[in-house]
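Asks: Give me coordinates for this.
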Amino acid sequence: MPEHKKETLAISEKCMIQKCSCGAIHLHYQYVSLAIQKDTLFNIMQKCYTWQERLKDESFFAQQTPFKILIGVCMLTVSSDDFPRFNATVQEATSKLMCLEKVLNTSKIALN
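Replies: Reported below is the predicted structural model:
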């Protein structure tokens, strides 16, 4: 069986996201390791953004509620304490996948 090469896209204390040579994205959070597609990672990013916006308008009790997302048959639950780091890791990984730095730098050069 060939060895798959993985490129780390983003890493935080309890979360790591890697792009694998097999084409999958590997999402590691605490004791869970999932192989997902790029579109699924973008969907997680959207759900994180929606959750973050909702927390701004909710009460203190709601802010203590864990972030839960169903990925295939796996329910991933991120504690309210871990959510900011998890969200930042997802945002960083999706930015790298979309090559946002290159796009933004190209835009700055074009504007100058």
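Asks: how about the longest helix seen in the chain: buried residues?
Replies: When the chain is parsed with DSSP state H, its longest helix is helix 38-57. For helix 38-57, the neighbour count (16 or more other Cβ atoms under 10 Å) marks 40-41, 44-45, 47-48, 51 as buried. Every C-beta, even on glycine, is put in place using the N, C-alpha and C of the backbone.
Asks: So which residues of this structure form strands?
Replies: 6-11, 15-20, 25-29, 32-36, 67-71, 74-78 (DSSP state E).
Asks: tell me which residues in the first one are buried?
Replies: If I follow you right, that is strand 6-11. In strand 6-11, counting by 16+ other Cβ under 10 Å, buried: 9-10.
Asks: average pLDDT across stretch 92-104?
Replies: Mean pLDDT, stretch 92-104: 79.
Asks: Actually, stretch 69-88.
Replies: Averaged over stretch 69-88, pLDDT sits at 92.
Asks: Run the chain-centre distance for it.
Replies: Relative to the centre of its chain, stretch 69-88 is centred 9 Å away, using Cα atoms, centre = their mean, to the nearest Å.
Asks: what's the answer for stretch 48-64, then?
Replies: 18 Å.
Asks: now stretch 18-29
Replies: Its chain's C-alpha centre and that of stretch 18-29 lie 11 Å apart, by Cα atoms, centre = their mean.
Asks: I'm done for today, thanks for sticking with me.
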